Every structure is written in C-alpha cells, then in structure tokens.
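*Asks:* Build me a model:
(chains A and B)
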There are 2 protein chains.
Amino acid sequence: MALIVQKYGGSSVGSAERIKHVARRVARWKRAGHQIVVVVSAMSGETNRLLALAREIQAHPDPRELDVMVSTGEQVTIALMSMALMDLGIKARSYTGSQVKIVTDNAYTRARIVSIDEENLRRDLREDHVVVVAGFQGIDAAGNITTLGRGGSDTTGVALAAALTADECQIYTDVDGVYTTDPRIVPEARRLNTITFEEMLEMASLGSRVLQIRSVEFAGKYRVKLRVLSSFEEEGEGTLITFEEDEKMEHATISGIAFNRDEAKITILGVPDRPGIAYQILGPIGDADIDVDMIVQNVGQDGLTDFSFTVHRSDYAKALEILKPVAAHIKAREVQGGDKIAKVSVVGVGMRSHAGIASTAFRTLAEEGINIQMISTSEIKISIVIDEKYMELAVRVLHKAFGLEQAA
Amino acid sequence: MALIVQKYGGSSVGSAERIKHVARRVARWKRAGHQIVVVVSAMSGETNRLLALAREIQAHPDPRELDVMVSTGEQVTIALMSMALMDLGIKARSYTGSQVKIVTDNAYTRARIVSIDEENLRRDLREDHVVVVAGFQGIDAAGNITTLGRGGSDTTGVALAAALTADECQIYTDVDGVYTTDPRIVPEARRLNTITFEEMLEMASLGSRVLQIRSVEFAGKYRVKLRVLSSFEEEGEGTLITFEEDEKMEHATISGIAFNRDEAKITILGVPDRPGIAYQILGPIGDADIDVDMIVQNVGQDGLTDFSFTVHRSDYAKALEILKPVAAHIKAREVQGGDKIAKVSVVGVGMRSHAGIASTAFRTLAEEGINIQMISTSEIKISIVIDEKYMELAVRVLHKAFGLEQAA
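*Replies:* Residues are numbered from 1 along each chain as shown, chains lettered A, B, ... in the order given. Okay, the predicted model is just below:
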C-alpha cells in the first residue's frame, strides 16, 4: 500500500465525461489498496472565462478580488470529482485550499506556500476516503484567499506530497511523459523513462512545458518522487523525475533537445570594457521588470567589448528603447537587436563527464550551414541562438547527432 | 449616518453591466455618508448551470459537495462587485460566508444560521470600506461549506443586519415593492408603502414571491427593519415591512390578494368520525415527505365526516397513491381529488377588527358565479379554493371589492 498524490490538469477535467474518466482511474488505484490524494485544476477554459469577466468590470482587476474569483474554478472541480468518485462507490471528500489550510504568503495571484496542515487529510485517508484537494489556491495568515499563479496546481500536488511524505506524486497531463524533444518536430522523439531534476529544470525552463518549473524545484527541495503521466492513456509508466544521487543507473549522455522562439536578442557593440558595465546595462532593464535570459560577454580588445543578452520577445521594443540613452551614456558604439531568433539547447547531466558534446553540436549545425549567433553553456546544457527559420532543422539534426531516437 | 445592509438578487447582478449599475447605486449611498454592507446572490443562471453540471456527474448529487460547488456562484459575484466599487474609487472588500464566519448547522443545501462573527466587518466599516458579503452560504462548526437553500441570500442580508444592528435591511429585487396583488392580473394593483410582518408572511407564503419567507421570519424575530426596493429604478421608497406594534398608523383593512395554482386538493369522503382519524390520514403523507398546505374538516353527521387537504401539484399523484390503502383501512367511502384548482387569499391585519370581510369575499365570488370548493381562515387571511380557470377573475373582483386600487 502506497500513499500517492495524483494531480490532474484542466484538460483532464475539462468536461463531465472527462471527470468521470479520471474518477474511474482514481477508483482503480484506490481499489488496488492505495491511499489517494487527488489534486485538480479548474476545468479547462474556466479560469480564462473568469478572467475575462473580471476585465469587463475592471481593466486591471484588483488582485485580492481576482483570487477570490479565480479560486472558484478549482472549487467546482473538487466537488464534481468527489461526486464522480462517490458515484463509483468510493468514499471521497473535497477540500478547498482554505479548508486544508494551505497557508501562503500574501502575494495575490502568485503566492508561495508557507505551510500545510495535513491533519484532516490524514484522518480522511485513514477512514478510507479519497481526498480531493483544490490545486492552485491557499489562504494567507489573515484568511484571505490567494492563488499560486498559472500552473500552481502542480505545486499544490508536490507540496501535499511533501507534507504527507507521499510515496509518489503523479502529474497527469495531456502528454504521456517527458520526451527527448517535441515529437511534432522530430517524429523519432522518444519518451524518457527517467530524467534527473536538474535536467528537468533545464528542459522545463527551456520550453518543454510539461511541468511547472516551480513544482519541480519544490519536488527537488523536498525530495518528492515526481512522475509525469498521460491522463488519456490507461497504460504507461510515464517519466519518473529522479534524484541523480539516489538512483543507480547508467544515464544517457544527453537527455533531450529543448527550444523556444519566444526570445529576442540585443547586442551593444563597442562598450568600453571597465568594471560595472554589465550592471549599467542590465540595471535599467531589471528596473523595468524585464526578465533577461541568456547573457553573453566576450573578452574585449582595444579596451572595448560586445555585450549581448536575450529578453522575451514581447519586451524587445521596450528594452531597445531603454537601452538607447544607456548606450549613449556609457559611450558604446551601437545597439543592435533581432527578434527573429530561436534558442536551441542540448541538455544532459551526462555532459559533465563526457567531453566533445559542444563540438558535436557545433559541427552538426555547421554541416547544415546554420550560423550560430550566441552560445551560452552551463554544467548540463549548451544553449545556442540561431536564426528562427532554422529552428526545426537544428532540433532534428541535433536529436539525430546525439542518437536520442534510440533507448539509452 | 446610518448602517445599511443592501441585498441584491441574481437578476440585479446578472451581467457585468448590471453589476456596474448596482455599484454606482451603492457608491451614491456610501458618498451620502452611510456605512454599507452589500449582500449579493450568484449571477442569474449561474446556480442552475452548476446544478446541471452536478447532475451530469451524479443523478442525486451529494449534498456536501453540491454546497461546495454551488457556493462558488456568490463567491464570483462578491469579487466582481468589489472590483466594480473600487473602479468607482470606493474602498471595498469581499467576504465569503466562511470568511465572515457565518456559522450554520450541518444541514447541507438548507442550513440554518447559528451565529455570525461580525468583528471583521465592523473593522472594515470603520476603515471606510464597503463590505461585500456572499449571500446564501456559511460554514458549519467543522468548517464544511453549507448553503441556506434557494432565496437564502435574503436571509443572509437580514441576519447580517441583525448581527450588526443595522438601521435598515434593503432587499433590492426586480419589483419596486410589495403590491396589493400581481399587476399582471390586476393592472390597478397598487404598491404598498408599508405592510406588517404578519401580512408579509401570509402574502409571501401564498405566492407573492417578493421575499423569502424565512428572511421575513428572521427579520420579525430580530426586529430588523426590512425594505423591498427595485434595483432597476433610481427613485422610489419601495415597501417597508413594519412591526405592527411599533408603527402608529391607520392601516387599511385588507392589504392584498394573494394566489397560487401550484396546489391540488384531495378529499376523503365518508370517513368514520373518531379521534385520531386526521393523523391516520396525514401521517403517511408526512412520512412520504409531502407537505400539506390547507386542511379542512367539517363537522360530521351520522358518524361520518369528509376530510380535505391540499398538497403541491407535483405531489398529487403520489399522495393519491398513498391514500388508497389508507382509505380502505379506515373504511372511508371514497377518495376524490383534483389538480385543476387555484387558491385565492384575502390578507390583512385589519380584518381582525373588521367584521364582514368573509361575507364580502363570498358575495363577490357568488356574484360572478364562481363556486367555492374549500375555505380556510386565520386571524388575518381568508383562503378560498376555486376552479383554476376562475383564478384571474376572482383576484380582479376581490381586489376591486376591497377597494385596493385606492391608496389607504
């Protein structure tokens, strides 16, 4: 008998039929003798419907009231899921974030979990109930309703698994696991049986949007065993996200190829190469609440250097605007930029101990005539910025170059 | 400066536009220097939408989970109303039933209010906020979400007015007050400036569905000054529901003509006239959860009597079914019934001290050739059962006979 937390996203509970489908799955796990906590999101479309309603009233809805409203989405789902379970003869009981007491800070619309009171849930589990908890929501110390922000239901699932020291946290989604890359681009892409937390963090933040990055961080911090599974398929092991140090296994050198084309690059040419210059450039960008992703600065010559970074494409125009007076002030030669770029990343913990990964990647792209605009590397990934029109080609040839279509 | 509780029903908050309209009205009261508590229902249609969704999952939805779900309707409205007020520059803060702590008993879907913790509301009012409270909902002692049943938002309004010792509880609805009868039937029907609680109870329970009967009882018990107003008209005093004893005024003999055609009558003929016979007949009806309205038993002769009562029309077939073996058992001669009836009632505290009201009513109907099937009277009303095809005619001629089209 295991204690398992199962989280089902909005599309998995998007209709009465789908809720019944999920209930049948939960019932099978329950009848197999496990203790089950189910975490659900709002039915797909519901959160957007509510947001639209709020914006009809107030152009910029008050965050406290927005959370009061948006949190009703999951509240509806927990009730429906509990009813569906009871209809199958399974004892079930729903809990809002407030009823569990999932206490968060007071940052409406993007609150962070501070503590969880799991006593009532434990009592219900002992009394043979399936416990159905609203994802995405909590209350602050004063009893105000808060939400964790988009994708926060994953975080709720992991946090509950941590609080209950569950054996596993299963995240059911519309894909059946984490793939070596997007199968829509590379048909040979292969589902990974396991992936390390570090790789998952790199993959998630780079655009393989299977899991909310915060939930993965949380799982890593509290050592929660996390598994990604399909809510539409009955069989399948999904992908287990492991602690590298815990698991004795021969890990593949490279786990996957991530990519995105949401970014734009900005380069300041001919910057006087002196201490504090990076701060002078990026300080005003940060002050304007613009997130910076890659940052590249090369060694200078003749006392000058070139400084490049990427921002989200929607912030591109604003960032350029901000930089013009900055460039003049620091006496840089020129500001250049481009928003027709893509970032492709090769990710794998194995590259720590394997030489030649970078050169294989660069050679592979060169053979296809793909020019590399920026390079940035970490311990377990190499990110390359290229012209966006070559993105799919680059992903395909890199996937093949590292033999990712074959099982490790 | 007064402390006023204003309750707005589902049709008053049925769209973003209507919510903004209500907010402007609330803002005017606030700016006039009053402390305002706003109680809102779910947007019209929302509760039914949620109920339908629940029934897609479970034919007879679990009551606890139903309350978890249905209570989200008001939760959405409180947030939207608070946003609309803030958009007008009015400080506002929303409260769910759970956040106020409106504690109820554990009777899901029809809970009764046990206590209200009004401390937080008082603090917010002192700090110049409009407080926006979800009607219809509470929590039980264990923290489970409960609802008060249909129309429960009126009860919430009155209960909050009682707890806060408000100066007035204003119920905004889609009519501008309580009328002497339904203006759709009698165009000359007149809005009453005042009506007593007792009359209101008789009018409400008899089908003039302006206010929820429980909220009127509550208001009477806690001496809350209750006023019914139109949420669609800007002017108008509405109808004040008064404590007869408190108000020095010349009251009209008759306040109004109420009616309904939701009932069916059942008569058992030739019942042996002995003690316990009423219980033998109505006991099985009550056991089947069928509500009985009028009960009439005439003096018997030859040791036999006739026993009649009315039930809701939807219970008619079931009640007949139940009575057949009962009638055989008590050796009654025959069971008769009819569901093509209407009940018309003349209501007024004035009839206590005025003779001849009943005879005026009977003569008026006789002059129109309307046959009376059953009569039942109380201190302040006379109810008459007739063939339903004469209902509108009866209401019109009685309204005229008692001069209700003229101001008192």
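
*Asks:* which residues touch the worst-scoring helix or strand of chain A on mean pLDDT?
*Replies:* Within chain A, no helix or strand scores below helix A:197-205, which has a mean of 80 by mean pLDDT, DSSP states H and E. Helix A:197-205 has contacts (CB atoms under 8 Å, 6 or more residues apart in numbering or on different chains) with A:178, A:195, A:210-213, A:216-217, A:219-220, A:241-244, A:255-256, A:258, A:345, A:347-349, A:378, A:380-381. For the C-beta atoms, the positions are set from N, CA and C on the backbone; glycine is no exception.

*Asks:* Report the buried members of the residues you listed.
*Replies:* A:178, A:195, A:210-213, A:216-217, A:219-220, A:241-242, A:255-256, A:258, A:345, A:347-349, A:380-381 (16 or more other CB atoms under 10 Å in any protein chain shown).

*Asks:* Point out the residues in the stretch 101-250 of chain A that sit beside chain B.
*Replies:* The stretch 101-250 of chain A comes close to chain B at residues A:143-145, as judged by CB under 8 Å from any CB of the partner chain.

*Asks:* Reformat those residues as JSON lines; add pLDDT and neighbour count.
*Replies:* Listed next are these as JSON lines, based on pLDDT from 0 to 100; neighbours: other CB atoms under 10 Å in any protein chain shown:
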{"residue": "A:G143", "pLDDT": "96", "neighbour count": "14"}
{"residue": "A:N144", "pLDDT": "97", "neighbour count": "19"}
{"residue": "A:I145", "pLDDT": "98", "neighbour count": "30"}
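
*Asks:* For chain B, state which of those is nearest.
*Replies:* Nearest to chain B out of these is A:G143 (CB to the nearest CB; 5.8 Å).

*Asks:* dump the residue contacts of the closest residue in space to that closest one that isn't next to it in sequence.
*Replies:* Of all residues beyond its chain neighbours, the one nearest A:G143 is B:Q99 (5.8 Å), with distances taken as CB to CB, 6 or more residues apart in numbering or on different chains. B:Q99 makes contact with A:143-145, B:120, according to CB under 8 Å, 6+ apart.

*Asks:* all helices of the stretch 151-300 of chain A, in order?
*Replies:* Applying DSSP state H, counting those that start in this stretch to the stretch 151-300 of chain A gives helices spanning A:152-163, A:197-205, A:213-222, A:277-287.

*Asks:* Wait, A:L50 touches A:V70, no?
*Replies:* Yes: if you go by CB atoms under 8 Å, A:L50 and A:V70 touch, sitting 5.3 Å apart.

*Asks:* can you tell me if the helix or strand A:T77 falls within touches chain B.
*Replies:* A:T77 is located in helix A:72-87, with elements delineated by DSSP states H and E. Yes: using CB under 8 Å from any CB, helix A:72-87 comes into contact with chain B via A:72, A:75-76, A:78-80, A:82-84, A:86-87.

*Asks:* so A:V114 makes contact with A:V103?
*Replies:* Yes: contact status for A:V114 versus A:V103: in contact at 4.9 Å, counting by CB under 8 Å.

*Asks:* Spit out the residues that contact these two alike.
*Replies:* A:A141.

*Asks:* Compare neighbour counts for these two and give me the winner.
*Replies:* The residue with more neighbours, out of A:V114 and A:V103, is A:V103; 19 against 13, by other CB atoms under 10 Å in any protein chain shown.

*Asks:* Distance-wise, check that one relative to chain B.
*Replies:* According to CB to the nearest CB, to the nearest Å, A:V103 and chain B sit 15 Å apart.

*Asks:* Equivalent analysis for A:G338, please.
*Replies:* Relative to chain B, and taking CB to the nearest CB, A:G338 is found at 40 Å.

*Asks:* quick one: low-confidence parts of the stretch 51-200 of chain A?
*Replies:* A:150 (pLDDT under 70).

*Asks:* swap that for the stretch 201-350 of chain A, sorry
*Replies:* Using pLDDT under 70, the flagged stretches of the stretch 201-350 of chain A are A:204-209, A:244-252.

*Asks:* go again using 90 as the cut-off
*Replies:* Within the stretch 201-350 of chain A, the stretches with pLDDT under 90 are A:201-223, A:230-237, A:241-255, A:260-262, A:271-280, A:282-283, A:286-307, A:348-350.

*Asks:* Where do the strands of it begin and end?
*Replies:* Taking DSSP state E, counting those that start in this stretch, the strands of the stretch 201-350 of chain A run over residues A:226-230, A:239-242, A:256-260, A:263-272, A:292-297, A:304-312, A:334-338, A:341-347.

*Asks:* who does the fifth one pair up with?
*Replies:* Strand A:292-297 has the following strand partners under DSSP bridges: strand A:304-312 (antiparallel).

*Asks:* how about the strand it pairs with: buried residues?
*Replies:* The neighbour-count check on strand A:304-312 (16+ other CB under 10 Å) flags A:305-312 as buried.

*Asks:* sorry, back to before: for the helix holding A:T77, which positions count as buried?
*Replies:* Of the residues in helix A:72-87, those buried (16+ other CB under 10 Å) are A:72-87.

*Asks:* For A:T377, grab the count of nearby residues.
*Replies:* Residues lying near A:T377 (other CB under 10 Å) number 14.

*Asks:* can you pull the contacts of it?
*Replies:* Contacts of A:T377 by CB under 8 Å, 6+ apart are A:358, A:383.
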